[in-house]
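Colleague: need coordinates for the below:
(one chain, ligands or ions: 1)
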Amino acid sequence: MFPFPKDPATFFFDFDSTLYAGESLDEILSLALDGKPWKENTKQEIEKIMIQGVNGEIDLKTSITQRMKLVPLDKALVEKYGQIKMNFPKEVVGLIQLLLAKKHQVYILSNGFLEWILPFSQIFGLSENKIIANRILWDSFGFATGLEPHLIHTPNGKKKVIEELKNQGKTRGKIFMVGDSKADQNAKGKKNKGQIFEGADFFVAWQIYVQRPLEEGVDYWVKSLSDLILNPSMPNPL
Ligand SMILES: [Mg+2]
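Modeller: Coordinates of the predicted model:
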């Protein structure tokens, strides 16, 4: 079940395969391959590299830049993709709206790209300063050459970003990291010298769309959309 704490807390949501059912970078690269005879082979290659990244077999920056090298990506296509209406289940939208209404803080913490997460985030009522994601680095011809430097795509990037926001006073209460992969799970700090935690306090494994391998120690499991609905008859452990 999704945790609904009584006191104001901070929730960091992964985007791809969590808030959104798909992998947005792979979708846009697939769009760029439309009409090309090598589309299917390249798509398989892209998926392989994506999975290596989310499972921690290669670092995330390498996973992202390797995928971007396979397909030239131009600004016009990125803008077009940002205007496609992504569908989010009403339970997912309702969850974010409920958390905001209950005075929790909500961030999107993603190794996807601000260029298209920002337009989609409006449906959740989140402002740009609540979205932490990569930005595309463009060449003078309007083609993507990689990504701007950011803590998020460095090793343990999500944990480092959470730590930074915590130190800046931009979080409140307990911190929950919600996501589908080990990269999200790594944002939860391990017990340090008995007392001090770094990163998120809890990890919520979101397995509505995909079931990826995770380490032991998951605090909450979300396995279906009905797990997202606040049920007042359920005892709340928090
Ligand atoms: Mg994900």
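Colleague: if I look at the closest residue to Ile136 other than its chain neighbours, how far off is the ion?
Modeller: Leaving aside its chain neighbours, Ile136 sits nearest to Ala144 (4.8 Å; criterion: CB to CB, 6 or more residues apart in numbering). (Each C-beta comes from the backbone N, C-alpha and C, glycine too.) Distance, Ala144 to the ion, by CB to the ion, to the nearest Å: 20 Å.
Colleague: let the chain start at 153 from now.
Modeller: In the new numbering, first residue 153, that becomes Ala296.
Colleague: the helix or strand encompassing Ala296 - what's its average pLDDT?
Modeller: Using DSSP states H and E, Ala296 maps to strand 296-299. Across strand 296-299, pLDDT averages out at 90.
Colleague: can you give me the buried ones in the helix or strand just after that strand?
Modeller: Sequence order places helix 309-319 as the next helix or strand after strand 296-299, per DSSP H and E. Residues Gly309, Lys310, Lys311, Lys312, Val313, Ile314, Glu315, Leu317, Lys318 are the ones in helix 309-319 that count as buried (16 or more other CB atoms under 10 Å).
Colleague: near the ion, which residues of the chain are found?
Modeller: Contact residues (CB under 5 Å from the ion) of the chain with the ion: Asp166, Asp168, Ser169, Asp332, Ser333.
Colleague: partner strands of the strand holding Ala296 and their direction?
Modeller: Strand 296-299 has these partner strands in its sheet, going by DSSP bridges: strand 288-290 (antiparallel).
Colleague: and the strand of greatest length in the chain, C-alpha only, in CSV?
Modeller: For the chain, the longest strand by residue count, based on DSSP state E, is strand 257-265. Coordinates of each C-alpha in strand 257-265 appear next as CSV, following Å, rounded to 0.1, in the frame of the first residue of the first chain:
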residue,chain,number,x,y,z
GLN,A,257,5.8,18.3,-0.4
VAL,A,258,6.0,16.6,-3.8
TYR,A,259,9.0,16.5,-6.1
ILE,A,260,9.7,14.7,-9.4
LEU,A,261,13.2,13.3,-9.2
SER,A,262,14.1,11.8,-12.5
ASN,A,263,16.9,10.9,-14.9
GLY,A,264,14.5,11.8,-17.7
PHE,A,265,14.6,15.3,-19.2
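Colleague: got the angle for that strand vs helix 309-319?
Modeller: 140 degrees (axes from the mean of the first three to the mean of the last three CA atoms, to 10 degrees).
Colleague: low-confidence stretches in the chain?
Modeller: Low-confidence segments of the chain (pLDDT under 70): 237, 343-349, 384-390.
Colleague: in it, which spans are strands?
Modeller: With DSSP E as the criterion, the chain has strands at 162-165, 257-265, 283-286, 288-290, 296-299, 327-331, 343-344, 348-349, 354-358, 372-374.
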